[in-house]
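Undergrad: Pasting a predicted model and its sequence here:
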Amino acid sequence: MMGDPVSVRLADVSEREPLTQLCLRSKAHWGYDAAFMELCRDALTVDPLAITQKRVLVAQLGVQLAGVAALGVMDADDGFEIGQFFVEPALMGKGVGRHLFEAMIELARAENISCLTILSDPHATSFYQKMGAQMIGMAPSDAIPGRSLPLLRIDISKE
């Protein structure tokens, strides 16, 4: 994999802006244009309240911020979702996402959550499926009017 081991920890509020920038870089990696990225800005902004609620994780390689994941509460049915999940583009495919995903599952289990929903960018769907998520349909984008995205769910109840 890499020289430095991946570590995952809770985010600090002081990291909100660098983590938001990481989200923006990661999303833009897939070739989306500036207008699209501007429409996504709010959805990609790391919520300081989620950080203070200890629901945002950071993956690091040494001192480098390598990824971010946020556990979100869904409005519709009080379920939980992976609200943000992004890896620094240069580190994609190198194990950072797997470490971050496993830590997110443990965080959710610690809160007695048994299932997570994922509204996935089409480019990330195969990653989530490799992690055990199942496609359950399509759903409207929370950022782009008229766009539908893959909707996945993962059962994380302890066996």
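TA: That came through fine.
Undergrad: where does the chain dip in pLDDT?
TA: Low-confidence segments of the chain (pLDDT under 70): 1-4, 74-78, 158-159.
Undergrad: try it again with 50
TA: Where the chain drops to pLDDT under 50, the residues are 1-2.
Undergrad: quick one, longest helix in it?
TA: The helix spanning the most residues in the chain, taking DSSP state H as the definition, is helix 96-110.
Undergrad: Packing partners of the helix or strand following that helix?
TA: Note on helix 96-110: by DSSP states H and E, the next helix or strand toward the C-terminus is strand 115-119. When contacts are defined as 3 or more Cβ pairs under 8 Å, 6 or more residues apart in numbering; DSSP states H and E, strand 115-119 sits against strand 80-87, helix 96-110, strand 148-155. C-beta here means a position set from N, CA and C on the backbone, and glycine is covered the same way.
Undergrad: winner for burial among these?
TA: strand 80-87 (a mean of 23; mean count of other Cβ atoms under 10 Å).
Undergrad: Kindly export that one (C-alpha atoms) in CSV.
TA: C-alpha atoms of strand 80-87 as CSV (Å, rounded to 0.1, in the frame of the first residue of the first chain):
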residue,chain,number,x,y,z
PHE,A,80,-28.8,7.4,9.2
GLU,A,81,-26.7,8.0,6.1
ILE,A,82,-23.1,8.4,5.0
GLY,A,83,-23.4,12.2,4.4
GLN,A,84,-20.0,12.8,3.0
PHE,A,85,-17.3,10.4,2.1
PHE,A,86,-14.2,11.7,0.2
VAL,A,87,-10.6,10.7,-0.3
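Undergrad: Neighbouring strands - and their directions - for it?
TA: Paired with strand 80-87 in the same sheet, following DSSP bridges, are strand 64-73 (antiparallel), strand 115-119 (parallel).
Undergrad: tell me which residues of the longest one are tucked away?
TA: Residues of strand 64-73 classed as buried: 65-72 (neighbour count, 16 or more other Cβ atoms under 10 Å).
Undergrad: and the angle for the helix or strand hosting residue 19 with strand 80-87?
TA: Assessed by DSSP H and E, residue 19 sits inside helix 16-28. Angle of helix 16-28 versus strand 80-87, following axes from the mean of the first three to the mean of the last three Cα atoms, to 10 degrees, is 80 degrees.
Undergrad: of all the buried residues of strand 64-73, which two lie farthest apart?
TA: 66 and 72 (20.7 Å; Cβ to Cβ).
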